[in-house]
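>>> return atomic coordinates for the entry below.
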Amino acid sequence: EDRVVHIYSRQGEVYENLPVRRFGKHKAWVNIMYGCDKFCTYCIVPYTRGKQRSRTMEDILKEIRELKEAGYREVTLLGQNVNAYGKDLDQDLTFASLLEETARTGIDRIRFMTSHPWDFTQEMIDVIARYDNIMPYIHLPLQSGDTDVLRRMGRRYTAEEYKALYDSITARIPGVAVSTDIIVGFPDESDEAFAHTLEMVKACRFDSAFTFIYSPRPGTPAARMEDPVSPQVKKDRLQQLNQVWNEYALEKMKAYEGKTVQVLADGPSKRNPAVLSGYTETNKLVNFTGDGVKAGDIVPVFIETAKTFSLDGHLVTDTPAD
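Just a heads-up that it's a prediction; the model follows:
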């Protein structure tokens, strides 16, 4: 799945009613809101996409029920900051209540992204823990493990608050996987600040991370900040960070070896048509062999080998293999 967001805009107009994203006949992405009110200093979204506008719960649930009737197995609720859902509507709407209502539709798998740690409530954690069809996978962008850098990013939480939330999520949701986003080389990031990010990664041991070197977006406050840090230092930091998170990710993956997991099959793998691929509940990519599986089936797969970015296995059948 590519994570590139295309913004179609012409002279300040933003076309929000973009084609609805579907994958095959079994996975769909459902927008629950547009825009964002957060104004992180490095981000252009609030300027290009405007204020946060939530769709009504009724509308969203209607779309999800229709998808379920059409045979879709998985929906991903999308928003720039899904946890702030409903704050702009008058009703007493929260993302936790939307998640719960979505779970009650009975669709097999529910995911959501992206979460902002600032709005992540205990109620949300409880709902995710309570429903089997809400996948135990949370994308929780850290951005930096240094409180001073977080303040300059406008993230509205401290490193300590992030860690407390992370601990609460992993303690309450059985078998949860957490992925994150991290920016290195934010303007004037010191060696010490970067060391704090590494410490946080070592403390959290994320399942995976999307890592970036900061690049200025014209028109954002961060683009005007002084930045004495050299591009080479930033590159070195990214390399160091990737080495660290890859080690922990591999460790997390290795824990799946010898286990049977439920995989939603996407169909034959791109590289090898004899191999199928799909995702576990915790959003791990699995390549597996087996007969009679079609896209959209949820099947048990025995994991033989783990790599940093994927798992290899075979379909579990009732009849023991010869």
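
>>> where do the strands of the stretch 51-200 of the chain begin and end?
Counting by DSSP state E, counting those that start in this stretch, the stretch 51-200 of the chain forms strands over residues 53-54, 74-78, 109-113, 137-139, 177-184, given from the N-terminal end onward.

>>> which of those is buried the deepest?
strand 137-139 (a mean of 23; mean count of other C-beta atoms under 10 Å). Where you see a C-beta, it was placed from the backbone N, CA and C, and this is true even at glycine.

>>> so what touches stretch 187-198?
142, 144-149, 152, 159, 182, 184, 214, 222, 225-229, 237, 240-241, 244 (C-beta atoms under 8 Å, 6 or more residues apart in numbering).

>>> in it, what's buried?
Residues of stretch 187-198 classed as buried by neighbour count (16 or more other C-beta atoms under 10 Å): 187, 189, 193-194, 196-198.

>>> kindly report the same for stretch 295-305.
Buried, per 16+ other C-beta under 10 Å, within stretch 295-305: 295-299, 301-303.

>>> residues in contact with that stretch?
Taking C-beta under 8 Å, 6+ apart as the rule, stretch 295-305 contacts 24-26, 71, 73, 108-109, 256-267, 278, 286, 288, 290, 293, 311-316.

>>> can you do 6 Å?
Residues lying outside stretch 295-305 but in contact with it, judged by C-beta atoms under 6 Å, 6 or more residues apart in numbering, are 24, 26, 73, 256-257, 259-267, 286, 288, 293, 311-316.

>>> now it, how far from the chain's geometric center?
Relative to the mean C-alpha coordinate of its chain, stretch 295-305 is positioned 21 Å out (C-alpha atoms, centre = their mean, to the nearest Å).

>>> pLDDT of that stretch, averaged?
Within the predicted structure, the mean pLDDT of stretch 295-305 is 97.

>>> same question for stretch 223-235.
In this model, stretch 223-235 has a mean pLDDT of 92.

>>> show me the shaky parts of the chain.
1-20, 90-91, 319-322 (pLDDT under 70).

>>> just the buried subset of the contacts of stretch 187-198, please.
Of these, these count as buried by 16+ other C-beta under 10 Å: 142, 144-149, 152, 159, 182, 184, 214, 222, 227, 229, 237, 241, 244.

>>> picking that back up, filter the contacts of stretch 295-305 down to just the ones in strands.
Assigned to strands by DSSP state E, the following of the contacts of stretch 295-305 qualify: 260-267, 286, 288, 311-315.
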